[in-house]
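Peer 1: quick one, what's the 3D model for this:
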Amino acid sequence: MNDQIDQPRRRIVLGAAALSTGLSTALLPLAALAAEPVKVGLILPMSGPFASTGRQIEAAVRLYLAQRGATVAGRPVELIIKDDGGVSPDVTKRLAQELVARDKVQVLAGFGLTPLAFAAAPVATQARVPMIVMAAATSVIPQRSPYIVRTGFTLAQVTAPMAQWAAKNRIRTVVTLVSDYGPGIDAEKVFVKGFTEGGGKVVDTVRAPLRNPDYAPFLAKVRDLKPDALFVFVPSGEGAAALKQFTERGLAAAGVRLICTGDVLDDDLMASIGPAAAGVVSSHHYSAAHPSADNKAFVDAFQKANKGMRPNFHAVGGYDGMHLLYQALTKTGGDSTGDKLLAAMKGMAWTSVRGPVGIDAATRDIVQTVYIRKAQLVAGGYYNVEFDQVDKVRDPGV
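Peer 2: All right, here's what the predicted structure looks like:
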């Protein structure tokens, strides 16, 4: 299995166009000749069941570099992309160690699922290298290393507004169905707390295995319990299967509403989910239908660069992760020393394509708007259309 996961490294040296123009190196400024590249080790699930996450983040990182240039603060940027397969923490840890010890990266980034981020955290700490978590979403991740900064989201952060919305909108009883690992457990705890505090009743809590899940037996149980709604969290890539089985098991026909976090209605999968998504209400920090001018430009550029692929929330985590790095390097004048970069990242704020975001200086976690959305048919495709929002949401913890 490791042979399949550990694909040969793909090294992309960016910003070297000037060297191919035929100009004599004598004509180049001495500073340019002396500048060492900033090496970014990007560890992603490019194969396996969560490959869509890796594909989205890689595409967004490349787009950011294409748009902003491959040099920042006088330093060329070099990506070293590693495929960890998305399922083995031991592989992720080994790749992080290789990137730091052999490739001398100044930044680690990526990380599709929580166990993989956990595995790499001690490597970042020992090497004193910033680790930008672009996807993994368990609340406690930044606590695993003082060098971790997150640009994606936490499940607790996007779940709390959904629990509050459900309690205020005539949903009285709910069953929760989550994937049985860190983010799913976070989502379950936060939803139960928020919904019951709002006056609702959680009839049952159900956890499905992360690997090779079959939701049918759990959904049959939900139908028997007859709640007003089923709250679902499954990781990106699993939403289509969950919604398909929800429909096939007749829960919608039996009067059970489906509410969920945005992972279930992943923009990358909306075309394959199709009409089964119609009317489903979700809470999340990004939708490709977000109406800002910045986002419309981002979606257009992303699709043009990727054969029509629609960007999802993981793409935004990757895009903003590179923005955070560029802004930090600008602030340090190109100094990529780990502690200096980390200090520059803390407290950083900017307007993202998702809306206003910031990095909490104390927790190193992202603060952002969480939107309540309804899946609707728009211009021939299904999109998550925002109709409400909660501003400046921090991770509430669990």
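
Peer 1: mind checking the longest helix of this structure?
Peer 2: Identified as the longest helix of the chain according to DSSP state H is helix 313-332.

Peer 1: so which elements touch that one?
Peer 2: strand 38-44, helix 51-68, strand 71-72, strand 107-110, strand 131-133, helix 338-345, strand 349-352 (3 or more C-beta pairs under 8 Å, 6 or more residues apart in numbering; DSSP states H and E). To be clear about C-beta, it is placed using only N, CA and C from the backbone, and glycine gets the same treatment.

Peer 1: can you give me the buried ones in it?
Peer 2: For helix 313-332, the neighbour count (16 or more other C-beta atoms under 10 Å) marks 313-329, 331-332 as buried.

Peer 1: hmm, who's touching stretch 330-347?
Peer 2: 35, 38, 72-75, 106-107, 127-130, 146-147, 149, 324-325, 327-329, 358-361, 364 (C-beta atoms under 8 Å, 6 or more residues apart in numbering).

Peer 1: now, of those residues, which are buried?
Peer 2: 35, 38, 72-73, 75, 106-107, 127, 129-130, 147, 149, 324-325, 327-329, 358-360, 364.

Peer 1: any idea how far A101 lies from L113?
Peer 2: Taking C-beta to C-beta, to the nearest Å as the measure, A101 falls 24 Å from L113.

Peer 1: which one of these two has more residues nearby?
Peer 2: Using other C-beta atoms under 10 Å as the criterion, A101 and L113 rank with L113 on top: 27 against 11.

Peer 1: ok, the more buried one touching Y181?
Peer 2: Yes: the criterion here is C-beta atoms under 8 Å, and L113 meets it with Y181 at 7.5 Å.

Peer 1: D186 belongs to a helix?
Peer 2: Yes: assessed by DSSP: H, G, I helix; E, B strand; the rest coil, D186 belongs to a helix.

Peer 1: V390 touches A163, doesn't it?
Peer 2: No: judged on C-beta under 8 Å, V390 makes no contact with A163 at a distance of 11.4 Å.

Peer 1: of those two, give the one with the bigger neighbour count.
Peer 2: Ranked by neighbour count (other C-beta under 10 Å), V390 and A163 place A163 first, with 27 against 18.

Peer 1: that one: which element?
Peer 2: Assessed by DSSP states H and E, A163 sits inside helix 155-168.

Peer 1: how many other residues sit next to A136?
Peer 2: So A136, with other C-beta under 10 Å, has 27 neighbours.

Peer 1: chain neighbours aside, what residue packs nearest to it?
Peer 2: Nearest residue to A136, sequence neighbours excluded (C-beta to C-beta, 6 or more residues apart in numbering): A117, at 4.0 Å.

Peer 1: in the helix or strand that neighbour falls within, what's buried?
Peer 2: Take DSSP H and E as the rule and A117 turns out to sit in helix 114-127. Buried residues in helix 114-127, counting neighbours by 16+ other C-beta under 10 Å, are found at T114, P115, L116, A117, F118, A119, A120, A121, V123, A124, A127.

Peer 1: let me see the domain layout of the chain.
Peer 2: Listed domain ranges for the chain are 2-153+294-364, 156-284+370-393 (source: automatic domain parsing).

Peer 1: tell me which residues in the helix or strand harbouring F246 are buried?
Peer 2: For F246, the host element (DSSP H and E) is helix 239-248. In terms of neighbour count (16+ other C-beta under 10 Å), helix 239-248 has its buried residues at G239, A240, A241, A242, L243, Q245, F246, T247.

Peer 1: and which of the residues you listed is nearest P396?
Peer 2: Of all the buried residues of helix 239-248, G239 has the smallest distance to P396: 23.4 Å, by C-beta to C-beta.

Peer 1: report the contact partners of A136.
Peer 2: A136 neighbours (C-beta under 8 Å, 6+ apart): F111, G112, L113, T114, L116, A117, G152, P183.

Peer 1: now the closest residue in space to A51 that isn't next to it in sequence: how far from R249?
Peer 2: Sequence neighbours aside, P45 is the residue nearest to A51 in space, at 5.7 Å (criterion: C-beta to C-beta, 6+ apart). To R249, P45 is 29 Å away according to C-beta to C-beta.

Peer 1: neighbour count: the two, which is higher?
Peer 2: P45 (27 against 19).

Peer 1: what residues are up against the more buried one?
Peer 2: Taking C-beta under 8 Å, 6+ apart, one finds A51, T53, G54, D83, D84, G85, G86, V87, G112, L113, L116 in contact with P45.

Peer 1: which element is the residue nearest the centre of the chain on?
Peer 2: Taking C-alpha atoms, centre = their mean, the centroid of the chain lies closest to A135, which sits 2.9 Å from it. Assigned by DSSP H and E, A135 falls within no helix or strand.

Peer 1: got the phi and psi for it?
Peer 2: Phi and psi for A135, reported as degrees, to the nearest 10, are phi -140, psi -50.

Peer 1: low pLDDT regions in this structure?
Peer 2: Residues of the chain that meet the criterion pLDDT under 70 lie in 1-34.
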